[in-house]
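K.L.:
sequence unavailable; structure follows:
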């Protein structure tokens, strides 16, 4: 049976429309996905941990800002950023700028920026970036307060320091290529899963349901978007097509931004790693600040957009 004949079996069916929507979503994501992966894999291959340690020496507000910016350009996922932060503090780096890095890192990276830009345009990409830097500044400010009032909370003597790249003798181009395919394989499976879920939602979920829960005209839409990010956020790349479809169905921009901010910060895996490395007190504060910040940023963006 020819491909064309096989495809006619699915025309004007839910399955056929879902497959077409998946193709459309994947094509819209592809430029940002490839460019973001190229940038992220470059940083993984080129940016040893020693560089991060040198940058974290900066003190005061400029150190917090520097490490917040380092967090959004770093390719580290939350599972790696958390033990790195604990290792840096254990190694003698001041905790205030390290916590700025820790808070900002899960919310944005070059791959997420490229994919957000290609799908939603500059307003959402910049909003996510500014919100991530702002959350990093908030984390640094909270750490500064804790350091003044309870410095013992930053005792991470049981955390082993993560070594620098063990394969620095390998030519850079080979490290870059290996990082690209490794990260691409990890991200792609979540992107395809997210595309499939998004296509099913667009085909089967009534538009009025989305508008009623997370629409602009309802005051609780941003809160709903923030809370939905807790159970539904799996991978940054995978959630972009989901939110793209939800916005097409009526989700407000503020609710979308709140979802993007609360999701990566409150994933079960992130909180579990945070609890193991940082302890229960810091984990609870981090969780509450993540929800509050997503609501504040969502309301500001809703008003601005």
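P.N.:
Sure, I can see it. The structure displayed is predicted, hence computed values, not measured ones.

K.L.:
when you work out contacts or count neighbours from here on, use the C-alpha atoms and nothing else.
P.N.:
Will do.

K.L.:
quick one, helices of the stretch 151-300 of the chain?
P.N.:
Applying DSSP state H, counting those that start in this stretch to the stretch 151-300 of the chain gives helices spanning 172-204, 207-214, 221-232, 236-248, 253-265, 268-278, 280-304.

K.L.:
what packs against the fourth one?
P.N.:
Identification of packing neighbours for helix 236-248 by 3 or more C-alpha pairs under 8 Å, 6 or more residues apart in numbering; DSSP states H and E yields helix 14-46, helix 110-120, helix 172-204, helix 253-265.

K.L.:
nearest to residue 222, of those helices?
P.N.:
Nearest to residue 222, of all the helices and strands packed on helix 236-248, is helix 253-265, at 4.0 Å by C-alpha to C-alpha.

K.L.:
what's the angle from that closest one to helix 110-120?
P.N.:
160 degrees (axes from the mean of the first three to the mean of the last three C-alpha atoms, to 10 degrees).

K.L.:
between helix 253-265 and helix 221-232, how big is the angle?
P.N.:
With the same axes, to 10 degrees defining the directions, helix 253-265 sits at 30 degrees from helix 221-232.

K.L.:
re earlier: and the helices and strands packed on helix 236-248, which is most packed in?
P.N.:
Of all these, helix 253-265 has the most neighbours on average by mean count of other C-alpha atoms under 10 Å, namely a mean of 29.

K.L.:
if we can go back for a sec, can you lay out the helices and strands packed on helix 236-248 as CSV showing distance to residue 222 and mean pLDDT?
P.N.:
Below are those laid out as CSV (distance: least, C-alpha to C-alpha, whole Å; pLDDT from 0 to 100):
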stretch, distance to residue 222, mean pLDDT
helix 14-46, 24, 73
helix 110-120, 18, 88
helix 172-204, 20, 74
helix 253-265, 4, 88
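
K.L.:
now render the ones you listed as TSV, adding distance to residue 141.
P.N.:
Putting those into TSV (distance: least, C-alpha to C-alpha, whole Å) gives the following:
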stretch	distance to residue 141
helix 14-46	27
helix 110-120	25
helix 172-204	32
helix 253-265	17
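
K.L.:
between the ones you listed, which gets nearest to residue 226?
P.N.:
helix 253-265 (4.6 Å).

K.L.:
so what does the closest one touch, helix or strand wise?
P.N.:
Packed against helix 253-265 by the contact rule (3+ C-alpha pairs under 8 Å, 6+ apart) you find helix 122-149, helix 221-232, helix 236-248, helix 280-304.
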